[in-house]
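Participant: model the following, please.
(one chain, ligands or ions: 1)
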Amino acid sequence: MIVAANFKMHKTRKETIEYLKELENVEFTRVKVAVFPPFSALVENDLIGAQNAYPAQNGAYTGEIGLEQLNEFNIKRVLLGHSERRHILNESQEFIAKKFDFYKKEGFEIFYCVGEPLEVRKQGIKAVMEYIKSQFEGIDLEYEKLIIAYEPVWAIGTGVSATTEEIKETHEEIRKLTSAPILYGGSVKLNNISEILDIPNVDGVLVGSASLDVNTFKEMINKAKEKIQ
Ligand SMILES: O=C[C@H](O)COP(=O)(O)O
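Facilitator: Next up, the predicted model:
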């Protein structure tokens, strides 16, 4: 079971350090926990991953960070292909695949996000899978340190999670393509996490807004623990 927190553009360095301190007392046995803070809050801690990274050691890439900056904090985990980077920052599949390739070669654990917009979901699962397959172009689905996060765009930050049936059918289809763990993300809250974790082929969750409160996130970790036999 994997429970991951994506702070997006929330929290300062000080707040992130306090958050991590709160997590120190949590017993993680058999639950993998990951925390993705903003770049300015990256610290050396096993839970930490970067929300994004440029595919280079260093260089003239204004506004980006690369391997050199991640190495400073011994960070070996990165989130790639998040919907906000694809849709707000217009990252192309080709560029995301370049990042994937670079950080795969560096042995990073890669949380790789996919998910369809509402107009595609309305056309049904076949169209959803065509869309998702296009987001897998250039991605090594056999990479042993790959974790996939299925996050329907229309469920992110809206308070409206995908239905159990939608998650079930999509994860089932993604499972046919890879043996990597598959997380669900998109309005995961304390009141729906248990139900979501019960769905076949759901190996964990990627949580945005609900993860910002550390007590809520801790309770989510506990709910995930309850699912482990
Ligand atoms: O990375 C996390 C997802 O975008 C989900 O965000 P959310 O939980 O605020 O809907």
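
Participant: roughly how far does the closest residue to the ligand within the chain sit from Glu172?
Facilitator: Using C-beta to the nearest ligand atom, the closest approach of the chain to the ligand is made by Gly208 at 2.3 Å. No exception for glycine: its C-beta is placed from N, CA and C like everyone else's. According to C-beta to C-beta, to the nearest Å, Gly208 stands 24 Å off from Glu172.

Participant: and the residue located most distally from the centre of the chain, how close does it get to Ser92?
Facilitator: Here the chain reaches farthest from its C-alpha mean at Ala60, the gap being 27.3 Å by C-alpha atoms, centre = their mean. Distance of Ala60 to Ser92, given as C-beta to C-beta: 20 Å.

Participant: so what's Tyr54 closest to, chain neighbours aside?
Facilitator: Glu64 (3.8 Å; C-beta to C-beta, 6 or more residues apart in numbering).

Participant: burial measure for that neighbour, as a count.
Facilitator: 15 (other C-beta atoms under 10 Å).

Participant: for Gln69, what is the enclosing helix or strand?
Facilitator: Assessed by DSSP states H and E, Gln69 sits inside helix 67-72.

Participant: output that helix as CSV, restricted to C-alpha atoms.
Facilitator: The C-alpha trace of helix 67-72 is given here as CSV (Å, rounded to 0.1, in the frame of the first residue of the first chain):
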residue,chain,number,x,y,z
LEU,A,67,19.9,16.1,-10.8
GLU,A,68,22.6,18.2,-9.1
GLN,A,69,20.0,20.0,-6.9
LEU,A,70,18.2,16.7,-6.0
ASN,A,71,21.5,15.0,-5.2
GLU,A,72,22.3,17.7,-2.6
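
Participant: which residues of this protein score low on pLDDT?
Facilitator: For the chain, the stretches with pLDDT under 70 are 229.

Participant: need the three-state assignment for Lys168.
Facilitator: helix (DSSP: H, G, I helix; E, B strand; the rest coil).

Participant: I am assuming it contacts Ile199, so please confirm or correct that.
Facilitator: Yes. With contact defined as C-beta atoms under 8 Å, Lys168 counts as touching Ile199 (5.1 Å).

Participant: which parts of the protein are strands?
Facilitator: 2-6, 32-36, 77-80, 109-114, 146-150, 182-185, 204-207 (DSSP state E).

Participant: out of the ones you listed, nearest to Glu18?
Facilitator: strand 32-36 (12.2 Å; C-beta to C-beta).

Participant: quick one, helices of this structure?
Facilitator: 13-23, 67-72, 83-87, 93-105, 118-121, 125-135, 164-175, 193-197, 214-226 (DSSP state H).

Participant: show me what counts as buried in the second one.
Facilitator: By that I understand helix 67-72. 67, 69-70 (16 or more other C-beta atoms under 10 Å).

Participant: contact residues of this protein facing the ligand?
Facilitator: 6, 82, 151, 156-157, 185-188, 206-210 (C-beta under 6 Å from any ligand atom).

Participant: how about those residues, which pair is most distant?
Facilitator: So for the residues of the chain next to the ligand, where distance means C-beta to C-beta, the most widely separated pair is His82 and Ala210, at 16.4 Å.
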